[in-house]
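> I'd like to go over a predicted model; first the sequence, then the structure.
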Amino acid sequence: MVDIEQLRTDVESALSTLEYNPDDKETNIRIVEDIRSAINKLADGEIPSPQHIAEVAVATNENIQIRDFLIGVQLESNIDYVGTYVSLLGNVIKKDKAIPLATVFCGLLYQENEKEHAKEFLSTVLELAPEYSLALLLKRVFAADWEPENFRHMAEQLHPKVIETIYETTEAK
């Protein structure tokens, strides 16, 4: 069993020493690959390291491509494991740093037809960050009563573009 309080403490310590440059392509590629690996390992019962959790928290706050990668990674992994991964990270990060993770989790809940739970959770996110663009988008989508499978279709269109952007080299620009 995971000691969540100890993990929170360890993540907070890792956050205090972490430096992240959102324009560093090599780091972003490594983070994406680490996310894939961490989701697979979590499926086998291995909890991500505090350093990994801290790095993903910072990257999702500072780099929209990393956040959007999390929206589409369900196309590469079982959505239940992705949900467990995002939920775990969101539960051990301080609320002010967990907004992107919590918002992605709202979308995953909605996609799994947990509409009411997603809407309640989104309300909490909007209380903490009333101007967060992805949360405002989800609020409109939820109000329009989108079909949950539309989230997967959106991810299918967005994810390849996100991957391309993350992996592109500076020479390609």
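Good, I have the coordinates.
> which stretches of the chain have low pLDDT?
Low-confidence segments of the chain, defined by pLDDT under 70: 1, 169-173.
> show me where it has helices.
For the chain, helices defined by DSSP state H occupy the ranges 4-17, 25-43, 50-62, 64-72, 79-92, 99-111, 115-128, 133-143, 149-167.
> ranking the ones you listed by burial, who's on top?
Mean neighbour count (mean count of other CB atoms under 10 Å) peaks for helix 99-111 among these, with a mean of 25. The C-beta positions use only the backbone N, C-alpha and C, and glycine is treated the same way.
> show me what that one is packed up against.
Counting contacts by 3 or more CB pairs under 8 Å, 6 or more residues apart in numbering; DSSP states H and E, helix 99-111 packs against helix 50-62, helix 64-72, helix 79-92, helix 115-128, helix 133-143, helix 149-167.
> relative to helix 50-62, how tilted is that helix?
For helix 99-111 and helix 50-62, the angle between their directions (axes from the mean of the first three to the mean of the last three CA atoms, to 10 degrees) works out to 90 degrees.
> show me what helix 99-111 is in contact with.
Applying CB atoms under 8 Å, 6 or more residues apart in numbering, the contact partners of helix 99-111 are 56-57, 60-61, 67, 70-71, 74, 79, 82-83, 86-87, 89-90, 93, 115, 117-119, 121-122, 124-125, 128-129, 132, 134-135, 138, 141-142, 146, 148-149, 151-152.
> can you rerun that using 7 Å?
The contact list for helix 99-111, computed with CB atoms under 7 Å, 6 or more residues apart in numbering, reads 57, 60-61, 67, 70-71, 79, 82-83, 86-87, 89-90, 93, 117-118, 121-122, 125, 128-129, 132, 134-135, 138, 142, 148, 151-152.
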